[in-house]
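Undergrad: 3D model of this:
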Amino acid sequence: MKLLLDENLSRRVVPFLQAAFPGSSQVVLEGLEQASDLEVWKHALVNGFVVVTKDSDFYELSLLYGPPPQVVWLQIGNASKGRVMQVLLNNAEEIRQRLCDPATTCLVLT
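TA: Next comes the predicted model:
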């Protein structure tokens, strides 16, 4: 399972996610700087990513279009990149287990 971090999440987290989530990336690294949410959504769909975000926008897209892609919604406020990394890595097993169900649209982490 590979994650695609939204533009509001630091690309500096990506190397630390590779052991748990090989192939993960961030929208800027994918050439999607300043892309619309729908463009990011389509990129995630075509390339097999799970979108990770701190915004409700992708949750709303998941309700509108359904999976794939699936969404991990981090409801952790204005957190540091270290906190973002910690939340994702500490919940790696839950992310894999919950999102292995293709009907799951969104996983909220706090």
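Undergrad: look at Leu64 and say how many residues are nearby.
TA: Leu64 is flanked by 10 other residues according to other C-beta atoms under 10 Å. Quick note: C-beta positions are derived from backbone N, CA and C, even for glycine.
Undergrad: then Ser36?
TA: 10.
Undergrad: okay, it and Leu45: tell me how far apart.
TA: 14 Å (C-beta to C-beta, to the nearest Å).
Undergrad: distance of the residue of the chain most remote from its centre from Phe58?
TA: In the chain, Leu64 marks the outermost C-alpha relative to the chain mean, sitting 17.3 Å out by C-alpha atoms, centre = their mean. For Leu64, the distance to Phe58 equals 10 Å [C-beta to C-beta].
Undergrad: quick check: buried residues in the helix or strand harbouring Gln97?
TA: Using DSSP states H and E, Gln97 sits in helix 92-99. For helix 92-99, burial by neighbour count (16 or more other C-beta atoms under 10 Å) applies to Ala92, Ile95, Leu99.
Undergrad: low-confidence regions, this structure specifically.
TA: Scanning the chain for pLDDT under 70 picks out no residues.
Undergrad: contacting residues for the closest residue in space to Arg12 that isn't next to it in sequence?
TA: Spatially, and ignoring its direct neighbours in sequence, Arg12 is nearest to Lys81 (5.8 Å; C-beta to C-beta, 6 or more residues apart in numbering). Listed by C-beta atoms under 8 Å, 6 or more residues apart in numbering, the contact set of Lys81 reads Leu9, Ser10, Arg12, Val13.
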